[in-house]
Structures are given as structure tokens and as C-alpha cells.
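Enquirer: Using only what follows, build the 3D model:
(chains A and B)
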Amino acid sequence: MNNTPLLMFVAFIVVTLGITYWAARRSSGTTAFFAANRQITGWQNGWAVAGDYMSAASFLGIAGLIAFNGYDGFMYSVGFLVAYLTVLFIVAEPLRNSGKFTMADVLAYRLKARPVRTMAALSTLIVSTFYMIAQMIGAGQLVGLFLKDEAGKPLVNYETAVVGVGILMIVYVVFGGMLATTWVQIIKAVLLMSGTILLSILVLGYFGFDIGRFLQAITHVTYTDPATKASVTKNFLEPGGIYKGATGGLDLFSLGLALVLGTAGLPHILVRFYTVPSAKVARTSIIWAMALIGLFYILTTFLGWGAATIVGRDAIAKNGGSNMSAPLLAQSLGGDIFFAFISSVAFATILAVVAGLTISASTSFSHDFWTNVVHGGKERSKGQEVMVARIAAFGVGIVAILLAILLKNLNVAFLVGLAFAVAASANLPVIIFSLFWKRFTTTGAVLGIATGLISSLVLITISPSIMTIDPETVTGAARHLIQAQPIFPLANPGIVSIPLGFLGAVVGTLMSREPSSEARFTELEVRANTGLGAEV
Amino acid sequence: MSRTGTRLEPEPGDLTPVVGAQTDVAPLGRDTQPPLHERTATEDMDVADWDRVAAMDEFVDLIRAKIRFIVPATIFFLVYYLLLPLLAGFAKDFMDTKIIGDVNVAYLFALSQFFMAWILAAIYLRKASVFDSMAAGILSKLNLKKGRS
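Expert: Predicted coordinates:
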């Protein structure tokens, strides 16, 4: 029985390494490595965006949040989809029309390349690292829970799992570039969608396909309150499971703001739109992605509520905690084979997301920082930009492995939220202003990124996510970093840091004057809206 | 930007490199784009006369049409979406109101967000095909190929 998850993991690894080998033989050259020669089709990129976006934090984390807290977990799901309207309406097409490989290309179009690209590369690396560490730590903890021997002991320890995931993502990116990363993401999205749909059907089947009975169960979920040890029954359709009390509503609003504005500033999502032939195809791919992502996030409620009602919160808490909700639901509905399948889907999910993060971080380092900041926009020798990106991918992988091992015992659930907050506060304001505000200046961009970045980092550090006094009973990974009263009352900094990011960009612009930026605005506007001169 | 000097202006759409430009060598290692007169002939080839395009009535119409859709649509979805956390956080009783059987306002409103997003995306897709043909009209008037050839 217990060999099945291992076999499925190995099968996924073999297939993806095969794809990497195929991609490595096919692609040579800068555009091939960074943007898969811009030959990815609309539906392919749509699946790849979905695969890049739906992380283990969504699949395991949100299912767990809904299983443990009911409705409030679903709030994340809603935000993750609606955010794509921001991408679709405002960012994706102008970005594709005016940039080349990175988010910073749009900023540098009419602003001074050196300062703007330095800041953008910094922000990209910070967002990607946070996101990646959260995924890697999750991988380390989960692989041990998935792969067990007959006695129920983990076959691989935390460190081995982290190193394994790290090496695989380095191999995909270094050898296969964007083409291999894209196909790893597509396969993962297919696996994730089929796993989720199958699991949802099984949940409905458990209730005899009677929605009324399922709802009856959802509105009467019984579990043991961990604090009082008393048995309680709650309606999981009602809000207030996570965000309650005086600041709960504000916190929820702050989270919503970061989700809906953050996605359009996530570097690893934005680079995907450079892999398609035109802005029109980029648009088609977002429509595909929205169909997939929307369906998936609606189904997260089936997984979460299914786990809460069928497996039960107490049983999940005993067998690995809330992140194991979806796999344990699979086990109780479909047996060990299905548990193995869902486990390998989670594994594939982690790998596809970290590969996407690695390629966007290394592209930004090489294209933005190395070529355009250090060497003034020219490759010193042919192929250098790709070589530097490969070395950077290797470096990013090693750093991620080391950080994930060092931070093993930290509560990292806030890192993904932080990545969205930084993306919404530091990246989105400057992208919007450089596309739509003629008067925008380099000082504005630098100040905007800096205030957005610093305010989200500082606020999260003094928030309850990091600063909380835990009772003595809380140990290990559940303990908070700083044992003190939080200074900032909200777990989500967006409500303050996003306006600060916009404000920083406005103040910086009003303090300075940049005729060269204003002169090139017309060019950017024509190009962004007509596709004239877009990279092909 | 108009070219100065006494040389003949090329016909619109004529891609023949300008002979007698001040220089055709762009300096290495600068952190801004070279000024127009320093562009090489190849660089000039895919660059249209941006100001001329921007001044075209068709282009002004395109931008107006885009703004007319995107600004209200964006305001609408932001307000509609942000109402959800606001109501969930501050109007819990209202959200707990049951509508059909056990199904409450909270769940229906959250679910409606997905359909709102899909419908808005579908409307945008239809609008965008109009934007595409407007952009294609502009490009055909310019008698230029899109992108580098």
C-alpha cells in the first residue's frame, strides 16, 4: 500500500525530467530560455498560468482553512479569482506589448533604467523568495507525511525532501528554461484540476448527490474546541471563523485588497504573458486561466467542507494538521490509491510553483540587474544573459534550500500573504503609473517601490503574524517569531501599505520633473494600445 | 518629433533608411534610450512616428473606447468585490440571513463573485475584439507591419 505514493512521485519526476530533456534540446537563445520563444498558445498559457498560480498554499492550505474555520477560508478563494480582472483589464496586454522579459521592462520603457530596474529586481527577488520559502517549508513537512513505511514512519526526512524539491526545480529551470517550466505547470494544472474535480464528485457522492444533506452537514459541524476542550457545533456557512472581534472586519478588508491588487504585481505571473505571441493571445490565456482558477476555487469549498464533515476536524488535527485536510479526505473517500494520487498532485503543485518562481527570479536578476544595470543594457558576449540566468537559478535554488532548512521550525503561513501584500504595495502602483500617468518620474517609481516594500515588511513584522505571545502549550512550528504584544493590530498590512505605495509614487513624482519620461509617454501609449513594435 | 534640417522627409510608411542622418551609431552603455537622431537605420525601421499615431483620430477614439469600458468596469468589480469582506466583517447578521434552505447571503454573495468575474471577463473579451479591429485599422493606415519583420 505505502509504495503507491512513492511510485506516483517517481512517475511525475520521470515525466517532468523527460520534458526538461526535450525542452533543453529544442531551445537555444535568449528568447527561448526566458520566454519559450513566445510560441506558447493561448490555452497552453492559460493552463500554465493556472499551474503557476494555484500553489500548495491554495490546494492544501485553503482546503484546510475551510475545513477548520468554514466560510472565512472561502474569502481567500474569491479574492484569488477576482484578482484576475485586474490582470485582464489593466496590466497584461500593455505589459506584453511594451516589455520583453520582465515586469521592469515596462517601468524602464520611459524611466531611467538603472535605478528603476534595481528596485524592481529587488522587489521581484523579495516577493519570489518569500513565496518560495513558504512552498519549500510546506514541501519539507508534507513529503514526510505522504511517504511513510509500513510502521507509519516517514521514508524521507524534512531536509531530504527540501533538498530534493530544490534540486528538481533547479534542473527544470537551468536545463529546460521557460519551455520546460511551462509544461511542468501545464501537467500540474491538469493533475490538480482532475484531482479536485474527482474529489468533489466523491464528496457529493458521499451525501448521495443530495445538496440538501451536504448543506445540513455543513451547517452543523461538530468538533472539539482546542482551547476549551469542549465539543462545539458550528454553522460553517457563516462568516467569522477566522476574522472576528474588533479588528476582524478591517483585517478581512485588508486581506481582500492585497489579494485583488497583488496578483497583477506578482512577477512570476507577469512573466508568463511574455511567452505568448501577442497581447491578444495573452488575453485569451487569461480567459482560460480564469475558467480553470474559478472552477478550482469554487471546488475548494467542497474539499474543505467535505473534510470538515466527512473526516472531521479532530481527526485531521491528529493526523498532520489542517494542511492534510484534502489528502485525508481523499483517503477516507477513495482509499490509499486516491490518497497517493492526491499526495502526488500536491507534490506536483509545489514543484510547478517553485519552478515558476525560480525562473522569474533568475530572469529578473539576469535581465534587469546583470545586463541592464551592471552592463548598461548590452550583453558583453552572446548568450551571457542566459548563462547568468542559469547561474542565478542555481543560486536562487541553493538559497531557498538553505533558508527552508534554517527556518524549518517557523510558522510561515503569513509568507504567501506577505508576498501578495508586497506585490500590491510595491509593484502594482508603479506599473499602473508608468502605463497611465504621463508625468510619472524615476524618483516616483523608486520611492513608490521603496515605501510599498518597506511598509509591508515593517507592518507584517509588528503584526500578530509575527508578534504574538503564545501560551506555553504552543510549541515548535506553531510558535510565533517574536513573543510580544503586536504593535500593528492587523495580520494583513495591505490596507495601510498599498495606499502608502501609491502615495510614495505620487510624492516622488511631484518632487521631481522628468521631461524625457514625459516625451516617451506617447510612444509607450501607442505601443501598449496598438501592439505597434511589440516584441515578437 | 519632427526631423530638422533640409533633407527630404521620407514618405509616410517608407522604410528606406534615412541617408545623411547625423549618426547611425548608438553609443554603448547608456542608461536611457538614445535620442531619435542617434537611432540606427534598423532601429528606425520598426519605430513608427509615435506622435503621428497618437494624433490620429482613430487612436484617440481607441483610447476613449478603452477608458469608457475599463474605468467603470474596474470601479464596479472593485466595489462589488470589496463589499464582500466589508459585509462579512461588519454586517455578520445580514450575511447569516438564510435565503434558500440553509444557504445564506454570505455564501451566495461569495459565489456570485465568481460569476461576476466570469461575466465581466466575457464582456471584456467582446469589447476587446472591437479594440483589436480599431487597432488593426490604425496599423493598416500606417502601412506598417506589426513588430519587426
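Enquirer: Show me where chain A has its strands.
Expert: Secondary structure of chain A (DSSP state E): strands at A:221-224, A:231-234.
Enquirer: looking at the ones you listed, which is buried most?
Expert: Mean neighbour count (mean count of other CB atoms under 10 Å in any protein chain shown) peaks for strand A:221-224 among the strands of chain A, with a mean of 16. All C-beta spots, glycine's among them, are computed from the backbone N, C-alpha and C.
Enquirer: quick one, what contacts residue A:66?
Expert: A:73, A:74, A:236, A:300, A:301, A:303, A:304, A:305, A:307, A:308, A:325 (CB atoms under 8 Å, 6 or more residues apart in numbering or on different chains).
Enquirer: contacts with chain B among those, please.
Expert: When those are filtered against chain B using CB under 8 Å from any CB of the partner chain, the residues retained are residue A:74.
Enquirer: Just the buried subset of the contacts of residue A:66, written out for ChimeraX, thanks.
Expert: Buried members of the contacts of residue A:66 can be picked out in ChimeraX with the line below, counting by 16 or more other CB atoms under 10 Å in any protein chain shown:
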select /A:73,74,236,300,301,303,304,305,307,308,325
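Enquirer: I'd like the distance between the residue in chain B that chain A sits nearest to and residue A:242.
Expert: Closest to chain A within chain B is residue B:89: 2.2 Å, counting by CB to the nearest CB. Between residue B:89 and residue A:242 the distance, using CB to CB, to the nearest Å, works out to 11 Å.
Enquirer: Over to residue A:443?
Expert: Taken as CB to CB, the spacing of residue A:443 relative to residue A:242 amounts to 40 Å.
Enquirer: before we move on, what about residue B:51?
Expert: Distance, residue B:51 to residue A:242, by CB to CB: 54 Å.
Enquirer: With residue A:485 instead?
Expert: Counting by CB to CB, the gap between residue A:485 and residue A:242 amounts to 20 Å.
Enquirer: so where's the stretch 401-536 of chain A shaky on pLDDT?
Expert: Applying pLDDT under 70 to the predicted model, the residue ranges of the stretch 401-536 of chain A that meet it are A:411-413, A:475-478.
Enquirer: rerun that using 90 as the cut-off
Expert: Applying pLDDT under 90 to the predicted model, the residue ranges of the stretch 401-536 of chain A that meet it are A:404-419, A:460-461, A:463-492, A:515-520, A:522-523, A:526-527, A:530-536.
Enquirer: Return the residues of it in contact with chain B.
Expert: A:516, A:519-520, A:522-523, A:525-527, A:529-536.
Enquirer: Swap in 6 Å and give it another go.
Expert: Residues of the stretch 401-536 of chain A found near chain B (CB under 6 Å from any CB of the partner chain) are A:522, A:523, A:526, A:530, A:531, A:532, A:533, A:534, A:536.
Enquirer: Need the buried ones from these selected in PyMOL.
Expert: Only the buried entries of those go into this PyMOL selection, using 16+ other CB under 10 Å:
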select buried, chain A and resi 522+523+526+530+531+532+533+534
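Enquirer: just the helices in chain B please.
Expert: Counting by DSSP state H, one finds helices in chain B at the ranges B:41-45, B:50-55, B:57-90, B:92-96, B:105-142.
Enquirer: Take these and lay them out in TSV including mean pLDDT, mean neighbour count and distance to residue A:253.
Expert: Listed next are the helices of chain B as TSV, based on pLDDT from 0 to 100; neighbours: other CB atoms under 10 Å in any protein chain shown; distance: least, CB to CB, whole Å:
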stretch	mean pLDDT	mean neighbour count	distance to residue A:253
helix B:41-45	56	14	48
helix B:50-55	84	17	39
helix B:57-90	93	16	5
helix B:92-96	87	15	14
helix B:105-142	92	17	15
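Enquirer: Any chance of TSV for the ones you listed, columns distance to residue A:363?
Expert: Formatted as TSV, the entries for the helices of chain B read as follows, by distance: least, CB to CB, whole Å:
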stretch	distance to residue A:363
helix B:41-45	24
helix B:50-55	28
helix B:57-90	28
helix B:92-96	43
helix B:105-142	27
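Enquirer: can you tell me which of those helices comes nearest to residue A:318?
Expert: Of all those, helix B:105-142 sits nearest to residue A:318, with 28.7 Å by CB to CB.
Enquirer: is the closest one anywhere near chain A?
Expert: Yes: Helix B:105-142 comes into contact with chain A (CB under 6 Å from any CB), by way of B:106, B:107, B:110, B:113, B:114, B:117, B:120, B:121, B:128, B:135, B:138.
Enquirer: and of those residues, the nearest to residue B:73?
Expert: The closest of the residues of helix B:105-142 next to chain A to residue B:73 turns out to be residue B:120 (CB to CB; 6.1 Å).
Enquirer: check contacts around that closest one.
Expert: A:85, B:77 (CB atoms under 6 Å, 6 or more residues apart in numbering or on different chains).
Enquirer: how does it look with 7 Å?
Expert: A:85, B:73, B:77 (CB atoms under 7 Å, 6 or more residues apart in numbering or on different chains).
Enquirer: Kindly indicate which of those residues lies nearest residue A:198.
Expert: Distances from residue A:198 to the contacts of residue B:120, taken as CB to CB, are shortest for residue A:85 (28.8 Å).
Enquirer: before we move on, back to that, the more surrounded of residue A:485 and residue A:242?
Expert: Using other CB atoms under 10 Å in any protein chain shown, the more surrounded residue of residue A:485 and residue A:242 is residue A:242, with 19 against 10.
Enquirer: sorry, back to before: so which of the contacts of residue B:120 would you say is closest to residue A:212?
Expert: For the contacts of residue B:120, the minimum distance to residue A:212 (CB to CB) is 32.0 Å, reached by residue B:77.
Enquirer: If we ignore the residues flanking it in sequence, what's nearest that closest one?
Expert: Distances taken as CB to CB, 6 or more residues apart in numbering or on different chains put residue A:85 closest to residue B:77, at 5.0 Å, once the chain neighbours are dropped.
Enquirer: what do you get for residue A:217?
Expert: In space, residue A:217 comes closest to residue A:309 once its chain neighbours are excluded; the distance is 4.0 Å by CB to CB, 6+ apart.
Enquirer: and that neighbour, how many neighbours?
Expert: Neighbourhood size, residue A:309 [other CB under 10 Å]: 24.
Enquirer: For residue 67, which residues are in contact?
Expert: Reading this off chain A. So, once contact is read as CB under 7 Å, 6+ apart, residue A:67 ends up touching A:304, A:307, A:308, A:313, A:316, A:322, A:325.
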